[in-house]
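> okay, sequence plus prediction incoming.
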Amino acid sequence: MKILVPTDFSENALNALDFAKKIAHKEHASITLFYAFYAVYDFAAQATEILGQIEQEAKSELKKATEAGKAEGLEFNYKIMQGTVSSAVTSFAYREEYDLIVMGTQGASGIKKALIGSNTGHVIKESKTAVLAVPEAAKLNKVKKIAIGLELQNEEEKYFKKLFDLTRELSLPYEFFHLQKENNFEKSIEFKGLESHLKEQYPDLKLDFKIFQKEDTEKGLKEYLEENEEALLVMFYKHKTFFEYLFNRSESLKMAFHTHVPLLIIK
């Protein structure tokens, strides 16, 4: 597995790197620490000096982090690119066939700042690679299960395969859950069929399946996260409408992600 970790050398980014290192140890993965910068300057004559200084300082920090990673027994390297963070990260990850992007969120301002209109949010929206958004307070050793929220709309096996490929070596139980406003016979049958299929296809994994009746999807998800603080939440990004519905409308949901819940978006 290849993991790309964008950084701006902030505390949030360092926590995301620590999260990625722990995943790499379990998954026998390589890590590339990635720094992108977009220089803005008033006079063309300043370009060489400014860009050179930015790159020199970044390279110094990246070399230190790389040496530390190698000392921990990891396959570790770094990359510097000019350009906007989201464009540089998504294009590099796709071109070099990375399996996962791990990024920190800006926990001090909650999910509103962390995912909407931020570098992390833009990467999630633009990337063709799976993205793990790591809040500042999140720690992998606190994660006790992987919780997968299902829409039950045209579920495709490729998403489940990618999920298990990325997380199998974490050796955590999986809990698939679906929130519905009222009893729905067709959805219940579909859910049972999916449960039967996945348990048959992946007999070595611990899989649990739960349906919750909630009048409001957003509040239901918030309640689920409050009751499952030890979970790593997974969502399949099959279309933008559902994602934007959740993250653009619900203040309470944004706050639910604020403190602790890592969010894995699988494309």
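Cool, got the structure.
> what does stretch 78-85 rub up against?
Contact with stretch 78-85 is made by 6, 8, 32-39, 51, 55, 58-59, 62-63, 65-66, 88, 92, 119, 122-123, as judged by C-beta atoms under 8 Å, 6 or more residues apart in numbering. In this view, the C-beta of every residue, glycine as well, is placed from N, C-alpha and C.
> got the buried residues for that stretch?
For stretch 78-85, the buried set under the neighbour-count rule, 16 or more other C-beta atoms under 10 Å, comprises 78, 81, 85.
> can you give me how far the helix or strand that contains the second one is from the chain middle?
It refers to Met81. Using DSSP states H and E, the element containing Met81 is strand 75-82. Strand 75-82 has its C-alpha centroid displaced from the chain centroid by 19 Å (C-alpha atoms, centre = their mean, to the nearest Å).
> do stretch 171-190 as well
Averaging C-alpha positions (C-alpha atoms, centre = their mean) puts stretch 171-190 22 Å from its chain's average.
> identify the residues contacting it?
Contacts for stretch 171-190 (C-beta under 8 Å, 6+ apart): 26, 143-152, 155, 191, 194-195, 198, 205-217, 220-221, 224, 228, 231-232.
> ok, and what's touching stretch 156-165?
Contacts of stretch 156-165 with the rest of the structure, by C-beta under 8 Å, 6+ apart, involve 1, 99, 130, 146, 148, 198, 202, 205, 234, 236, 238, 266.
> repeat that for 10 Å
1, 27, 99-100, 130, 146, 148, 150, 174, 176, 194, 197-198, 201-202, 204-205, 207, 234-238, 264, 266-267 (C-beta atoms under 10 Å, 6 or more residues apart in numbering).
> likewise stretch 22-29?
Stretch 22-29 is contacted from outside by 1-3, 5, 20-21, 30-31, 69, 72-76, 98-100, 102, 132, 139-141, 143, 165-172, using C-beta under 10 Å, 6+ apart.
> in strands, which of those residues appear?
Judged by DSSP state E, strands contain the following of those: 2-3, 5, 30-31, 75-76, 100, 102, 132.
> what about the helices in the chain?
For the chain, applying DSSP state H gives helices covering 11-27, 47-71, 85-95, 110-115, 119-126, 157-167, 185-201, 217-227, 240-249, 251-256.
> low-confidence stretches in the stretch 101-250 of the chain?
When residues are selected by pLDDT under 70, those of the stretch 101-250 of the chain lie in 106-117, 239-250.
> okay, how far is it across stretch 77-97, tip to tip?
Stretch 77-97 stretches 15 Å from its first residue to its last (C-alpha to C-alpha, to the nearest Å).
> show me what contacts Glu195?
Applying C-beta under 10 Å, 6+ apart to Glu195 gives the contacts 176, 207-210.
> weed out the non-buried ones from the residues you listed.
176, 207, 209.
> hang on, the second one packs against Leu198?
Yes. The pair Leu207 and Leu198 passes the contact test of C-beta atoms under 10 Å, sitting 5.8 Å apart.
> for Thr129, which non-adjacent residue is closest in space?
Ala93 (4.4 Å; C-beta to C-beta, 6 or more residues apart in numbering).
> count of neighbours near the one you found?
Ala93 is flanked by 25 other residues according to other C-beta atoms under 10 Å.
> show me the contacts for it.
The neighbours of Ala93, taking C-beta under 10 Å, 6+ apart as the test, are 2-4, 6, 32, 34, 99-101, 123, 127-131.
> circling back to that earlier point, most surrounded residue in the ones in strands among the contacts of stretch 22-29?
Within the ones in strands among the contacts of stretch 22-29, Val5 tops the neighbour count with 30 neighbours, counted by other C-beta under 10 Å.
> hang on, it packs against Thr66?
No. Counting by C-beta under 10 Å, Val5 does not reach Thr66; the two are 11.2 Å apart.
> who touches both of those two?
Shared contacts of Val5 and Thr66 (C-beta under 10 Å, 6+ apart): 31-33, 76, 78.
> out of these, what pair is the most spread apart?
Farthest-apart pair in these is Ile31 and Tyr78; separation 9.1 Å (C-beta to C-beta).
> common neighbours of these two, please.
Common neighbours of Ile31 and Tyr78, counting by C-beta under 10 Å, 6+ apart, are 5, 65-66, 69.
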